Every structure is written in C-alpha cells, then in structure tokens.
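A.B. asks: no sequence for this one, just the structure:
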Ligand code: NAI
C-alpha cells in the first residue's frame, strides 16, 4: 500500500516520465536487452533516489526486467508528487511526498525497507544507515548500489569499521557516472536552479565556489561560460592549483566572503560557510548548496545572526541581519539543482542509471559470492554503457589495431 500525496496527479507524472524516456537511450537499450530474459524475476528492489521523472524511469526499467520495486525519495524537497502518483498508478509501492517532515521522511524510508529487498539502490547511504535500526529488514538482502560521493564516503568508513554488512557497488565512482553526472549534470543544473529561483543575471557577478572536485569544477566551468568572475576556495593543494590554472581566482573563504555575489558549496564537508563569513557578506548575497547534505552552509549560525527571516520568493529565504543587510539562502541550503531546478538533464541520468541498473544486476549475479564491502563498478560495465551512449549519439570510435595495442603495451 503506497503512501503518497495525491493519486489524481498521476496523468501529469506519466507525461513527465514519457518525456524523459525520449532522452534516455541507454536505459531504453537495456530495457530491450532484458525484456525477454527478465533477469530480475522474483527479485525485490528498494530504491531511495531523488524521486523525479528520471528515477521513475529507472524504477520502471527494473520492473520491466522482472523486479518487484518499492521506491522512496532521498530528500523530502526533491520528491515530485506527480511522479509518486504516476508510479503508484502503475502499481508500484511508493512511499514519499514532497515536503515530508524529518519523521515522515524516515518513516517513508522504513516502509520501503519493510519490503525486505534483495537489492537496494541507495543515495547518501540512508538505507544502509536505517538498516542498523531494522536489521530484520535485511534478512534477504544480497547487496546494493550507492549513487553519490557522500554515500561512498560513509560506506568507506563503515567498511573500515567492519559495520558494512553487505557488498555495495560504488556507482558514483564509475567513469560514466562522475565524469558526466557530477561534472556536467551538476554544472548545468545548479545554474538552472539558481537562475530559476532568483531570476538574476550571472554575467558580471562574482561567484564564489567552495570546492574544485567533480561537481564544483563543473559548476565553475559553467559559471565562467555565463560570464561570471569565479573565485574558488579549496582545502586540497592540487585542486587549488588546478582551479588557478583553469583561470579561476583562488583564495580562502575568509577572503572571498566580502567579494561574492553568489556563493555555492559542493564539497561534501560541513561548516564551509559559517557565521564569521555571513558577517562579512554583501547586502543581498545569494547562498546555495549543491552538496548532498544541508550542512555545508551553517544555517543555525545564519539564523542566530538574523533579526528576521522571510520567504522572499519561492526557494529564496531572506535573512535580515542587525545592520539591515539581507543574506538570501536558496532552497533552504539543500541541493539547489534538485530542489529549485529540474535536477540533472535526462541525457545525464541516462548514464548514471544505466550504471545503477547494471551494478544491481552485477550484485544479483555475483552478490552471494562477494564479501561485505565496497566494490568498484567493473570496467566492462562502464565501457558497455559508454559505448551504448556513443552509438545513441551517433559518434564514431576508432579501434586499436593489434600492432597499435602491442605498441601501447610496450612490446615493440
Ligand atoms: P569531490 O570529492 O570530487 O569534490 C569535493 C571537493 O571539495 C574536493 O576537491 C575537496 O578537496 C573539496 N573540499 C572539501 N572540504 C572543503 C572545504 N571545507 N572547503 C573547500 N573545499 C573543500 O566530490 P564531488 O563528487 O564533487 O561531490 C561533492 C558533493 O556533491 C558530495 O556531497 C556529493 O554527494 C554531492 N553531489 C551532488 C550532486 C547534485 O546533484 N547536487 C551530484 C553528485 C554529487
């Protein structure tokens, strides 16, 4: 029995899923590949990923391949009620609604695990963490896949501490995921979310980006293309140098605080922007976060400095400080690209979710023989997805001759 907001929204959700399907050729190819053999027949899969149209299509792909699927979201503000309705209408178990309280969100995740999955598709290691409280739900669990950088960090820590109890595939670390989803997906959709919610010009603005990793370097790349003056802050000396040589200014957040018009965090770290930074910011500075958790901009310290807070526009809260300056926090400090924007483009999630699907299949085929731990996506799966995408895009790829291969391998 699903727990959703309003089943009447199903027609709109179905249209949205239909739209993204046209731009996800890898998933379409996998659907065709496994339509007859149905490798997931009799397998229960629980999915906790941002519950919007692209995720819906992944869930339908798993179902078409034979699985029974239960879905929930991975952030209460990114859940789309029309998509929940569409999936429930199609007979799937859906536990999620937009704007769920922390307690409701946890209950939705718990219910989705009560399904006693054989495989989990996790985002931020939420399912894995919740299973500590409900070990009985893992009685038939073979393993799963993890979608994002922050989830991988949590799983690594668990593997080291010996508290990871099943094999998990590091989907995030596949080339077909982080080179495109983190860099180009986040790079574009963060600006989609910021521009939609503020309706401000980016050209000529000073944009401060915390981090120069996969996501943040993509955000910086697009910021430069939009005509911004970009400042990068980093804690890694190599990344800081890379940012400088890519044409960005590099400095500490303490120095950047008074220069920025727009601040964006995407580090996976906490307290990247804190009270002493807010205290130095310009009137009407915009703050946005693209990291997985809403801990990068310290909201508690911002609230403590403010004399009042008001919603100035959808997705924009204005915090008025004692001296009258207003600091604007976008999307309540949660993933701005998914909360205020449309999330990653469908063509990008096509790659990430093809890796998710094949990663889940890898666990299904091999999980019983794999020890608990975090595993890389096998190279052949990564290459398979890249080649499907190249073909779908009509792009040619040269092939090495035997002589060339031998030369590259050093036997000449
Ligand atoms: P990454 O590890 O490639 O990059 C993070 C960078 O931040 C590193 O270069 C690191 O040195 C730097 N950093 C860490 N602490 C810092 C601090 N206090 N100040 C300045 N720089 C700092 O990680 P990636 O893949 O870019 O992911 C970053 C975050 O974004 C993670 O939380 C991840 O889960 C999330 N993510 C969000 C997506 C979205 O759609 N918004 C998509 C993919 C990942």
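C.D. replies: Structure's in. What do you need? Please read all numbers here as calculations on a predicted model, not as lab measurements.

A.B. asks: contacts and neighbour counts: CA atoms only from here.
C.D. replies: Will do.

A.B. asks: Show me what from the stretch 151-300 of the chain comes close to the ligand.
C.D. replies: Listed as neighbours of the ligand in the stretch 151-300 of the chain under the rule Cα under 6 Å from any ligand atom: 182, 186, 210-216, 233-236, 239, 266-269, 272, 290-292.

A.B. asks: Select from those residues every entry located in strands.
C.D. replies: 210, 233 (DSSP state E).

A.B. asks: Need the buried ones from the residues of the stretch 151-300 of the chain next to the ligand selected in ChimeraX.
C.D. replies: This is how ChimeraX selects the buried members of those, with burial counted by 16 or more other Cα atoms under 10 Å:
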select :182,186,210,211,212,213,214,215,216,233,234,239,266,267,268,269,272,290,291,292
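
A.B. asks: Sheet partners, orientation included, of the longest strand seen in the chain?
C.D. replies: Criterion DSSP E: the longest strand present in the chain is strand 306-313. Using DSSP bridges, strand 306-313 pairs in its sheet with strand 316-321 (antiparallel).

A.B. asks: partners of the helix or strand just after the strand it pairs with, with directions?
C.D. replies: Counting by DSSP states H and E, the next helix or strand C-terminal to strand 316-321 is strand 326-330. In the sheet, strand 326-330 lines up against strand 285-289 (parallel), strand 316-321 (antiparallel) (DSSP bridges).

A.B. asks: ok, and which of the ones you listed has the densest surroundings?
C.D. replies: Among the strands paired with strand 326-330, ranked by average contacts under mean count of other Cα atoms under 10 Å, first place goes to strand 285-289 (a mean of 25).

A.B. asks: quick one: that strand to chain centroid distance?
C.D. replies: 19 Å (Cα atoms, centre = their mean, to the nearest Å).

A.B. asks: Can you classify residue 18 by secondary structure?
C.D. replies: Under DSSP: H, G, I helix; E, B strand; the rest coil, residue 18 falls in the helix class.

A.B. asks: Tell me the predicted confidence for residue 412.
C.D. replies: Looking at residue 412, its pLDDT is 66.

A.B. asks: Same question for residue 164.
C.D. replies: The per-residue pLDDT reported for residue 164 equals 97.

A.B. asks: what about the closest residue to it other than its chain neighbours, neighbour count?
C.D. replies: Excluding its sequence neighbours, the residue lying closest to residue 164 (Cα to Cα, 6 or more residues apart in numbering) is residue 158, at 5.1 Å. Each residue near residue 158 was counted by other Cα atoms under 10 Å, and the total is 17.

A.B. asks: Point me to the helix or strand that includes residue 158.
C.D. replies: Counting by DSSP H and E, residue 158 is found in helix 149-161.

A.B. asks: tell me what that helix is packed against?
C.D. replies: strand 373-376 (3 or more Cα pairs under 8 Å, 6 or more residues apart in numbering; DSSP states H and E).

A.B. asks: Buried residues, the following helix or strand past the strand it packs on. List them.
C.D. replies: The helix or strand immediately downstream of strand 373-376 is helix 379-393, counting by DSSP H and E. By neighbour count with 16+ other Cα under 10 Å, helix 379-393 contains the buried residues 381-382, 384-389.

A.B. asks: again, but for stretch 332-343
C.D. replies: Per 16+ other Cα under 10 Å, stretch 332-343 contains these buried residues: 332-343.

A.B. asks: could I get those as TSV with distance to residue 298, pLDDT and secondary structure?
C.D. replies: Shown next, in TSV, are those (distance: Cα to Cα, whole Å; pLDDT from 0 to 100; DSSP: H, G, I helix; E, B strand; the rest coil):
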residue	distance to residue 298	pLDDT	secondary structure
332	11	96	helix
333	9	97	helix
334	11	95	coil
335	14	94	strand
336	15	97	helix
337	19	95	helix
338	20	91	helix
339	18	92	helix
340	19	94	coil
341	22	91	coil
342	25	88	coil
343	23	92	coil
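
A.B. asks: Residue numbers of the stretch 301-412 of the chain in contact with the ligand?
C.D. replies: 335, 337.

A.B. asks: And the residue of the stretch 301-412 of the chain that's closest to the ligand?
C.D. replies: Going by Cα to the nearest ligand atom, the ligand is nearest to residue 335 of the stretch 301-412 of the chain, at 5.2 Å.
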